[in-house]
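Undergrad: just to be clear, the model below is a prediction. Sequence and coordinates:
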Amino acid sequence: MLLEMSQITKTYGTVTANTQVDFTLKEGEIHALVGENGAGKTTLMRMLYGMEQPTSGTIRLRGQAVAFASPVDAIDAGIGMVHQHFMLFPSFTVAENIVIGREPRLGPAFDRKKAVRQVEQLCADYRMPIDPLMKVGDCPLGLQQRVEILKVLYQGADIIILDEPTGVLTPLEARELLVTMKSLAARGKSFIIITHKLHEVMEVADRVTVLRDGRITGTMDTSATNVDELSRLMVGRELNDSPKPAPDPGEIVLEVRDATLYGGRSRQAIARGEKPLLNGIDLEVRAGEIVGIAGISGNGQSELIQVIAGLTPLDSGQIRLQGADIAGRSPLAVRSLGLAHIPEDRYQWGAAKAATVLENGMMGHHRASARYGLLAGRKLRAMVGDWIRRFQIKAGSLDAKAGVLSGGNLQKLIVARELAGSEPFLIAAEPTRGVDIGAMELIHEELLRKRSERGAILLISSELTEILKLSDRILVMYEGRIAGELPAGDATEESISLLMAGGELRV
């Protein structure tokens with residue numbers, strides 16, 4: 001056995017994150033680690049990577065007991081970790097990011113030419129092509145992840161830990177990553193993947209271990225299990241898979257007409273003949289319906305969200321919310337006219353990590369709870385506390401910093417906050433990114449509940465299964481325009497993928 005973690009327990013004061021966990025890894029194996037948010041998956045891997053130390057238990061690597069005081073020790077022992085949020089320097093080149101910390105030297109100076117040659121050879125050896133001179137900030141997310149994997153390979157890793165490896169990737173990028181993992185495993189590299197995506201587990205993993213509340217509920221070969229069994233082991237119950245009620249769309253709540261956006265230097269862009277980021281977008285969302293938007297990342301979805309939410313002004317066109325022109329209005333003005341917004345990036349747009357759980361939860365609700373300029377603290381604490389119980393958010397207390405929450409738990413807090421109001425229109429951008437299957441079920445139920453209460457929802461998601469499950473109508477974006485519209489009943493992953501790639505449907 002390459003790796004054995006035996007009876008691992010980790011406590012933080014009165015909180016136990018892992019309880020007597022046994023986990024093993026074979027050479028050339030892909031072993032998935034799954035469980036709900038806060039189940040203890042990342043904590044277990046942080047101990048393996050030297051970022052935390054076990055309270056009790058032993059770790060054996062190739063039969064020898066080891067204790068890693070820091071990630072440097074783990075790297076020296078051949079263990080690398082690719083974190084959920086990439087740890088790269090955008091202004092550095094691919095080569096510079098890969099060799100950083102172990103740079104080749106020419107005397108006292110960094111030998112840049114040798115670094116480029118080494119990275120070219122590394123890419124060739126592992127059949128993972130990428131331009132070593134490209135700035136990482138110019139790389140799409142799929143290539144950035146490739147840089148992270150090449151970095152741990154350059155460091156000599158035989159065991160590679162991937163934390164939510166496909167969470168920010170497009171379907172095509174995710175498939176490419178799974179192929180890369182299988183190829184590397186065939187050459188003797190071993191992988192531990194932390195993920196919520198059970199279909200990917202079944203596709204790529206040899207074995208799977210399920211954690212619930214810090215304890216192992218099962219370890220098995222993927223060939224001997226299925227998604228339904230893994231779901232039950234994760235959440236401790238059967239999941240609800242009842243079909244959604246038929247739509248009953250009413251009046252238009254959001255109307256976008258000929259929306260065009262070139263970005264910051266629009267006059268110069270137009271003069272150079274550049275394509276706009278948004279190219280004459282027309283769409284509408286009615287009360288009581290969910291309109292899904294699919295598309296490969298970078299085709300205008302983010303810009304569409306920003307112009308509707310008031311974060312970016314249009315160059316031309318109209319946006320109306322309940323009949324009011326909101327184009328160019330501030331985010332505060334747009335929200336006051338009836339918009340709620342689950343943002344696509346919880347850290348950049350959705351939360352303040354340095355603020356408390358309570359402060360993040362009450363954002364947008366504090367004005368309605370204030371009297372004579374003073375916040376109704378008791379009322380707000382009760383409100384946020386209710387969300388924490390309902391969405392099963394694992395937070396030490398309302399006064400804990402939001403930055404200590406796991407990504408999935410912070411996502412659930414943001415979703416709860418944005419669904420708690422009575423706003424008639426909701427932008428739900430990547431609403432289940434990074435959450436477990438139980439939380440995904442709850443969020444889907446809440447979105448459908450808002451729809452049944454005559455709410456209008458614009459759903460933007462990179463998960464085609466989510467788009468197909470929730471949407472009443474599906475719009476596909478390609479190069480800043482609407483490439484096609486499909487009724488949910490007629491849409492398939494194949495037809496959506498064809499439009500996403502710029503193709504045309506046969507009539």
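TA: In hand now; what should we look at?
Undergrad: the protein - how does it break down into domains?
TA: With automatic domain parsing as the criterion, the domains of the chain are listed as 3-235, 252-338+423-500.
Undergrad: as a markdown table, those with mean pLDDT, mean neighbour count and distance to Ala354 would be great.
TA: C-betas here are computed from N, CA, C, even on glycine. Formatted as a markdown table, those follow (pLDDT from 0 to 100; neighbours: other C-beta atoms under 10 Å; distance: least, C-beta to C-beta, whole Å):
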| stretch | mean pLDDT | mean neighbour count | distance to Ala354 |
| --- | --- | --- | --- |
| domain 3-235 | 89 | 18 | 16 |
| domain 252-338+423-500 | 89 | 19 | 20 |
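Undergrad: now those domains in JSON lines, with distance to Ala246?
TA: What follows is the domains of the chain, written out as JSON lines (distance: least, C-beta to C-beta, whole Å):
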{"stretch": "domain 3-235", "distance to Ala246": "26"}
{"stretch": "domain 252-338+423-500", "distance to Ala246": "9"}
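Undergrad: quick check: Leu413 touching Asn360?
TA: Yes: here Leu413 reaches Asn360: they are 6.2 Å apart, a contact under C-beta atoms under 8 Å.
Undergrad: got phi/psi on Glu303?
TA: Torsion angles at Glu303 (phi, psi; degrees, to the nearest 10) stand at phi -70, psi -40.
Undergrad: dump the residue contacts of it.
TA: Shown in contact with Glu303 (C-beta atoms under 8 Å, 6 or more residues apart in numbering): 261, 263, 277-278, 312, 480.
Undergrad: name the nearest residue to it, sequence neighbours excluded.
TA: Once flanking residues are discounted, Glu303 sits nearest to Leu277: 4.6 Å by C-beta to C-beta, 6 or more residues apart in numbering.
Undergrad: likewise Pro247?
TA: In space, Pro247 is closest to Asp472, 4.1 Å off (C-beta to C-beta, 6+ apart).
Undergrad: my guess is the one you found meets Gly489, correct?
TA: No: Asp472 lies out of contact with Gly489 (C-beta under 8 Å); the separation is 9.2 Å.
Undergrad: now the closest residue to Val99 other than its chain neighbours: how far from Leu153?
TA: Residue nearest to Val99 in three dimensions, not counting chain neighbours: Ala115, with 4.7 Å by C-beta to C-beta, 6+ apart. Using C-beta to C-beta, to the nearest Å, Ala115 is found at 15 Å from Leu153.
Undergrad: hey, where'd the strands end up in the stretch 101-250 of the chain?
TA: 105-106, 109-110, 159-163, 190-194, 207-212, 215-221 (DSSP state E, counting those that start in this stretch).
Undergrad: what sits up against the fifth one?
TA: Surrounding strand 207-212, the residues in contact under the criterion C-beta under 8 Å, 6+ apart are 21, 23, 29, 31-36, 39-41, 44, 201, 216-222, 225, 230, 233-236.
Undergrad: in helices, which of the residues you listed appear?
TA: Among the contacts of strand 207-212, the residues falling in helices (DSSP state H) are 41, 44, 201, 230, 233-235.
Undergrad: CA atoms of the strand or helix carrying Leu458 as PDB?
TA: Take DSSP states H and E as the rule and Leu458 turns out to sit in strand 456-460. Output of strand 456-460 as PDB, limited to C-alpha atoms (Å, rounded to 0.1, in the frame of the first residue of the first chain):
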ATOM      1  CA  ALA A 456     -38.800  35.200 -12.100                       C
ATOM      2  CA  ILE A 457     -35.400  33.500 -12.200                       C
ATOM      3  CA  LEU A 458     -32.500  33.800 -14.600                       C
ATOM      4  CA  LEU A 459     -30.300  30.700 -14.000                       C
ATOM      5  CA  ILE A 460     -26.700  30.800 -15.300                       C
END
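Undergrad: moving C-terminal of that strand, what's the next helix or strand?
TA: helix 464-470.
Undergrad: can you tell me which helices and strands that next one packs against?
TA: Using 3 or more C-beta pairs under 8 Å, 6 or more residues apart in numbering; DSSP states H and E, the elements in contact with helix 464-470 are strand 289-294, helix 437-452, strand 456-460, helix 493-500.
Undergrad: in a markdown table: those, plus distance to Leu419.
TA: Converted to a markdown table, those look like this (distance: least, C-beta to C-beta, whole Å):
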| stretch | distance to Leu419 |
| --- | --- |
| strand 289-294 | 13 |
| helix 437-452 | 5 |
| strand 456-460 | 10 |
| helix 493-500 | 26 |
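Undergrad: mind listing what Val15 touches?
TA: Gly396.
Undergrad: what about stretch 16-29, distance to the chain center?
TA: 24 Å (C-alpha atoms, centre = their mean, to the nearest Å).
Undergrad: nope, stretch 395-402 is what I was after
TA: Relative to its parent chain, stretch 395-402 has a centroid offset of 22 Å by C-alpha atoms, centre = their mean.
Undergrad: which residues sit against it?
TA: 15, 351-361, 381, 384-385, 388, 404-405, 409-410, 413.
Undergrad: of those residues, which belong to helices?
TA: 357-361, 381, 384-385, 388, 409-410, 413.
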